[in-house]
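J.: Structure, please.
(chains A and B)
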Amino acid sequence: EAGVVQSPRYKIIEKKQPVAFWCNPISGHNTLYWYRQNLGQGPELLIRYENEEAVDDSQLPKDRFSAERLKGVDSTLKIQPAELGDSAVYLCASSFWGRDNEQFFGPGTRLTVL
Amino acid sequence: SQQGEEDPQALSIQEGENATMNCSYKTSINNLQWYRQNSGRGLVHLILIRSNEREKHSGRLRVTLDTSKKSSSLLITASRAADTASYFCATDAGSGGSNYKLTFGKGTLLTVNP
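T.: From the prediction side, this is the model:
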């Protein structure tokens, strides 16, 4: 079974530039999550989708971050414009609907903003 | 904000020894999960324990949950060099239905020396 796929694995950009991350969840998983993980910290949820609906985006900085999950499968997270403080690892995870279900994580995209 | 706090922050042991990591949290939870993260990789789900459970086993892993003390422990027995990783506890404190969110701690870095 293929795992959660993310691309790119690494991205280096200059501040004020836009950047986008892509995630393809495990087939059949209707719930998709985007997390941000700063160095030495645990992941923090940015947004959760149930199918194509964003059901929890309370932690997403909406002035510069946007996300979409068209057709309820793969998803894109965008930052525009990027700031120095956005340097982090962006993790995508997926699961079957509902609590008590383990989340399967992708390898992440390491973003460096210069 | 991060609800779970792991202790210790770092742990170094010899192969074959047991490793114990603790997690404390602040609010009532529905379940608590432990995840492992190898260097530069995504997180892998290890075990989930529900609020009405006190102990759970999975292979060399043993998890306990004390809701009165708002704490959990993860025991890895007969450790191996391959167990070297960061270990995170994650709590689900949502009110029910679709209102759930995993909140991760900062993690414990375990080093198992050959």
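
J.: Count the residues that sit near A:Gly72.
T.: If you count neighbours by other C-beta atoms under 10 Å in any protein chain shown, A:Gly72 ends up with 14. (C-beta placed from N, C-alpha, C; glycine too.)

J.: Enumerate every residue touching it.
T.: A:30, A:49, A:51-52 (C-beta atoms under 8 Å, 6 or more residues apart in numbering or on different chains).

J.: Report the contact partners of the closest residue to chain A within chain B.
T.: When distances are taken as C-beta to the nearest C-beta, chain B reaches nearest to chain A at B:Phe104, 3.1 Å away. B:Phe104 makes contacts with A:42-44, B:2, B:4, B:35, B:88-90, as judged by C-beta under 8 Å, 6+ apart.

J.: hmm, 10 Å instead?
T.: By C-beta atoms under 10 Å, 6 or more residues apart in numbering or on different chains, the residues touching B:Phe104 are A:35, A:37, A:41-45, B:2-4, B:6, B:33, B:35, B:37, B:43, B:88-91.

J.: For it, list each beta-bridge partner.
T.: Beta-bridge partners recorded for B:Phe104 (DSSP bridges): B:Ala90.

J.: Let me know the closest of the contacts of A:Gly72 to B:Asn18.
T.: Nearest to B:Asn18 among the contacts of A:Gly72, counting by C-beta to C-beta, is A:Asn30 at 38.7 Å.

J.: can you count the residues close to that closest one?
T.: 16.

J.: Wait, it touches A:Tyr49, no?
T.: Yes: at 8.3 Å, A:Asn30 counts as touching A:Tyr49 under the criterion of C-beta atoms under 10 Å.

J.: Identify the contacts common to those two.
T.: Residues touching both A:Asn30 and A:Tyr49 by C-beta under 10 Å, 6+ apart: A:72, A:94.

J.: element containing A:Ala54?
T.: strand A:53-56 (DSSP states H and E).

J.: Report the buried residues of that strand.
T.: Applying a neighbour-count criterion of 16 or more other C-beta atoms under 10 Å in any protein chain shown, one finds A:54, A:56 buried in strand A:53-56.
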